[in-house]
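**Q** sharing a model that was predicted from the sequence below.
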Amino acid sequence: MAAVPAVAVAVTAVHWLLAHWWILIVLGALALSVCGFLLHRKRERARWEAARARGLRYGLAQLDALHHTRFEDAVRELMLRDGCRDAARVGGGGDLGADVKATDPYGRRWVIQCKHRRAGLSGSAVGTPDFQVLNGTARQVHGADVAVIVTNGRVTAPAVAFARQQRLHVVDRHVLGVWAGGGVPLWVLLRGVPPPRGSALPS
């Protein structure tokens, strides 16, 4: 019995709409307009994000002023800018030597350890123990093709020598400044980066 009034109301509403069919046309046009507007906004936002990523630049002073987690975010954003679509920040407790992971357009897997120094060159130098940690986990644990330490500070000479021996890559303040302030991908700036995986080509 309770359903009878509801059915009557529904039938009345249908008859009313049929008598005022133009309202359905107006509502349909309005819905299409709203959907079109939202789709346009989404596309414009995507274009803006792509343009922002292509033009992303950081000055060293900007990087010095960041919190260490935001520095990791900046490195991730630079990898995204360079075409690493899956670049992600994974740093934190128990990160096992990886703060940022990314796959470049040539199929190479990058594992990056970030060492931020608020004092820049005046801060403590990145030493051999940091590279030893990266060397012990980057390839074995994270499957890296390219293992890198990025710092806005300086790196000790023994650490540079160890990195060279173990095929690790060093992005010190100078290299970081060129990379972050320009538009050249990191793999162009570094020597000894492995060749593309298989027949991988940039899209």
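**A** All right, it came through fine.

**Q** which parts of this protein are strands?
**A** Per DSSP state E, the chain carries strands over the ranges 88-89, 100-103, 109-115, 146-151, 169-171.

**Q** what helices or strands is the last one leaning on?
**A** To tie it back to what came earlier, the one meant is strand 169-171. For strand 169-171, the packing partners by 3 or more C-beta pairs under 8 Å, 6 or more residues apart in numbering; DSSP states H and E come out as strand 146-151, helix 157-165. Backbone N, C-alpha and C define where each C-beta goes, glycine included.

**Q** looking at those, which is buried most?
**A** Mean neighbour count (mean count of other C-beta atoms under 10 Å) peaks for strand 146-151 among the helices and strands packed on strand 169-171, with a mean of 24.

**Q** now the angle between strand 109-115 and that strand, please.
**A** Put simply, strand 146-151 runs at 20 degrees to strand 109-115, going by axes from the mean of the first three to the mean of the last three C-alpha atoms, to 10 degrees.

**Q** just the C-alpha atoms of strand 146-151, please, in CSV.
**A** Provided in CSV are the C-alpha atoms of strand 146-151 (Å, rounded to 0.1, in the frame of the first residue of the first chain):
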residue,chain,number,x,y,z
VAL,A,146,72.0,3.7,-12.1
ALA,A,147,72.8,4.4,-8.4
VAL,A,148,73.2,8.1,-7.4
ILE,A,149,73.9,10.3,-4.4
VAL,A,150,72.6,13.8,-4.9
THR,A,151,73.7,16.6,-2.5
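
**Q** which strands and helices sit next to that strand?
**A** Against strand 146-151 (3+ C-beta pairs under 8 Å, 6+ apart) you get strand 109-115, helix 128-137, strand 169-171, helix 173-181.

**Q** relative to L189, which of those is closest?
**A** helix 173-181 (5.8 Å; C-beta to C-beta).
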